[in-house]
Structures are given as structure tokens and as C-alpha cells.
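Undergrad: Just the structure for this:
(2 chains)
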Amino acid sequence: MIERIRSSPRTQQVLGLLFGICFGFLLQKGGVTRYEVILGQLLLIDWTVVTIMLTAVFTGMLGVHLMVSLGWANLHKKPGSVGRTVIGGLIFGVGFGMLGYCPGTGMGAAGQGSLDALLGGVMGMILGAACFAAIYPKARDGLLKKGDFGDVTLDQILHLPRWLGVALAAALIVGILLLIEMTGG
Amino acid sequence: MIHPTRETRRWLWFAAAMMILLLPVLAHAAEAFDAQPYVQTELEAEPGEGLFQRARWSPYLVGVGIGLLSWLAFLLSDHPLGVSTAYARTAGMLEKLARGSAAEQKAYYREYAPTIDWQWMLVLGLLIGAVLSAVVSGDFRWEFVPPLWEGAFGHTPAARIITALVGGWLIGFGARWTGGCTSGHGISGTLQLVVSSWVAVLCFFIGGIATAHVIYYILA
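TA: Numbers count the residues shown, from 1 in each chain, chains lettered A, B, ... in the order given. Have a look, this model is predicted:
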């Protein structure tokens, strides 16, 4: 049954659309499609973005790891390297501060009428992705490989059973959320 | 049928314990519902009566919702929630329109084919979902310059659009460089405990916090 759903491209397109509608609805209701809320987070005066992200990670983590151990789901881990993850992450970060939206919230912002997100953000992101595609062959064999650490997980580098890694991450997230609550978010 | 092994049983116990832990969070979210909307500026619409008419939901409720959505994405689509690949596929489709099938020969578009897949539909849906949410709550408004920008730099639509365009370019470039964005790395990768995703999301915020401080505390 699940295999039939997963292997039908048409069903997957419909599911993608439905998941997207829910995702966009939630992002807009959370306020994170507003420039003020993202910049408020980056200026460290409004902790809405981090609160939403950590709550989503906490909830998602429990279900996904449970489903993986039941054999219902597979992990999809992204490999990283110093050259890929750190450099790319910092480039992204500078853009994040300038645009005030990210790829998902920028599309959501366009949907609530924010024209800076549509004309600047969405256009810019497509152009940026096109430029990366142009330099990709060079980057792939150069910087992207520097300091490779593969797709290791936190529990693997700490030599812990996976459920203990999940428990530690869950405790860390609850701790950070409590701290945000206590300092007034 | 599932035959519960010792491993599975351990996981079930663990999940049950975590769900109990989650209850206070949900209770808090429900409480926050009855209070004022989380972020309410003067410009925003008055909250309506029903749940969907409210301009803002508690960030805990939104977070739990996104978390549950990621369960469904892993289960039904065997795919983590992610967004930025769709921008690369769109770039490929535009290049294909402009230059024909030569664009498809590019190494990157051979790895990420310029086609309408699950994730491309997700991003289209994201746009529709945000329109629905904003229209239903009266939070929809056409806006070139966000109020925060206007307060610091005046009504300067050209400067705002150019900054957004450069920022967007860096995000599109950087997201493909690092292999994910705030969704793919920031939520889906971190929830799988992948080291590269935790490092990436830290770098997103380090770069973002530094840039935002330069813009609002030095340039403004």
C-alpha cells in the first residue's frame, strides 16, 4: 500500500501539493513569513523563528525515529564537508540577513502580498541557484570536497545508541525552549 | 505485520515517555491561544473569531504542526520536507526554455532534473497555503517595503528590492552550495540528528545575525 503511494509520480505530486498547502498555511500563521519576525530573530529580539523550528524538530524527531525503527520510514541524511557546509552556510546566512526570508518563508511571504519577497527574493533565489549550477562542476571537485565528514549523525560521533542521542537532543531542545520562555522570548 | 523486537519495544516506551513530555508543551500552546496573538503590530489585522481567522497562532502549535507534517512526508512520500531544490529545478526549467535541451546537459541539472516533482509541487502548495492563511485572516496586503525597513531607511522601495534581490541571490547560491535551506537542513536534517545539518543551520544563523546587526545597528 505505502509502496504503491510512494512509487506513483502523480500521487506524489498531489501529496506534495497538499503538504505544501499545510506548510505554507502554518508558516504564515506562525508569522515567520513576515520580514519583521525573521529580522526580529536575527536581531535577537523576537524568538518566534527559533521556537517554531525547535518545536518542529522535537516533534518531527520523535515520530521519524520511531517510524525508522519500526521499518516504516527511511532516513535521508545529507553529507557535509567544511567547504560545503560551513562556506555555503555562511553565504546563505549573509543572504538571510539581507533578504529577511528563507526559501520557504520567502515563497510564503510572496503569498501574503510581500512584493520584496516575490520580485527580490524569489527571483534572486532562482538566479542564485542558476549561478551555482554553472559553477557546480568546478566546485564539486574542489571546495565542496574540502574537509569531508560525510553523513555522520550526532549519536554516531558520540558513540551512543540512537535512541539515547534522540533523548539527549530532545532534552537539549526542551532546555533551550524553557530558557527562551524564562527570558521572555 | 510488525513483530515487536526488543529494539521496537524500547522505542515505543521511549516515544510514550516523550509524548507525555510533549503534553505540557501542547497545554502551553492551548493557553497561549486564549491570550493575545503572539506577534501583533498595529499594522496587522484584528484577530477574528475562529481559529483560521486568527492572524497568528502560537509558535508551539505551528512547530508541532510542521513536525507532524514531516512524519507524513517521511511516511507517505519517503521524502524529508525541503524547499531549495525546487528553486534549482525552476532555474533549470527557465534555462531549458531559453537555451533548449543543451541546459539539461549541465552536470547539476543531470543530478537535479528540471522537472515538476514532489518538492516542486510542495513549494507551489506553500504559496497557495500562505495566500489562504493571509486572506482568511485579513493579513493579506500588497507591500513593497516592510514596516521595519521603512522605519530605519524611509520609504525606499528601490533600495529594498535591490537588497532583497542580492540577498535572494546569496540564499539561492548558498543553499545549493551547502545542499539545503532552513527547511531541508534546519528542520528535516537536524531532526535526523545529521551533523552536517546542525553545522549548516548554525552557519545560517551566524551569517544572518551578523548581517542583520550590520544593517540595523551600523548602516541604519
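
Undergrad: going forward, measure contacts between C-alpha atoms and count neighbours the same way
TA: Will do.

Undergrad: Any part of the host helix or strand of B:L132 near chain A?
TA: Assigned by DSSP states H and E, B:L132 belongs to helix B:118-137. Yes - using CA under 8 Å from any CA of the partner chain, we find that helix B:118-137 touches chain A at B:118-135.

Undergrad: Buried residues in that helix, which are they?
TA: Within helix B:118-137, the residues that qualify as buried are B:118-135, B:137, counting by 16 or more other CA atoms under 10 Å in any protein chain shown.

Undergrad: Could you do stretch A:141-148 as well?
TA: Result for stretch A:141-148 [16+ other CA under 10 Å]: buried residues A:L143, A:L144, A:K145, A:D148.

Undergrad: what's across from the last one in the sheet?
TA: So that's A:D148. Counting by DSSP bridges, A:D148 is bridged to A:S81.

Undergrad: Pretty sure it sits against A:T85.
TA: No - A:D148 is beyond contact range of A:T85, at 9.4 Å (criterion: CA atoms under 8 Å).

Undergrad: Can you check the pLDDT for residue 154?
TA: Going with chain A. In this prediction, A:L154 carries a pLDDT score of 95.

Undergrad: my bad, the chain I had in mind was chain B
TA: pLDDT, read off for B:G154, is 96.

Undergrad: measure it to A:L179 for me?
TA: Distance of B:G154 to A:L179, computed by CA to CA, to the nearest Å: 35 Å.

Undergrad: Can you say which helix or strand has the nearest residue to B:G186 once chain neighbours are set aside in it?
TA: Sequence neighbours aside, B:V201 is the residue nearest to B:G186 in space, at 5.3 Å (criterion: CA to CA, 6 or more residues apart in numbering or on different chains). For B:V201, the host element (DSSP H and E) is helix B:195-213.

Undergrad: What is the burial count for residue 182?
TA: Defaulting to chain A. Neighbour count for A:M182, taken as other CA atoms under 10 Å in any protein chain shown: 9.

Undergrad: think we crossed wires, I meant chain B
TA: B:T182, neighbours per other CA under 10 Å, totals 27.

Undergrad: neighbouring contacts of stretch A:70-88?
TA: Residues outside stretch A:70-88 that contact it (CA atoms under 8 Å, 6 or more residues apart in numbering or on different chains) are A:64, A:67-68, A:143-152, B:2, B:8, B:74-75, B:78-80, B:173-179, B:189, B:192, B:194-197, B:199-200, B:203.

Undergrad: buried set for that stretch?
TA: Within stretch A:70-88, the residues that qualify as buried by neighbour count (16+ other CA under 10 Å) are A:70, A:73-75, A:77-88.

Undergrad: so how far is the first residue of that stretch from its last?
TA: Rule used - CA to CA; the end-to-end distance of stretch A:70-88 is 35 Å.

Undergrad: chain center to that stretch: distance?
TA: Averaged C-alpha coordinates place stretch A:70-88 at 11 Å from its chain's average position (CA atoms, centre = their mean, to the nearest Å).

Undergrad: the helices in chain A, which residues?
TA: Taking DSSP state H to define them, one finds helices in chain A at A:2-7, A:9-30, A:35-42, A:48-69, A:87-99, A:103-111, A:115, A:123-141, A:154-157, A:162-182.

Undergrad: Thank you, goodbye.
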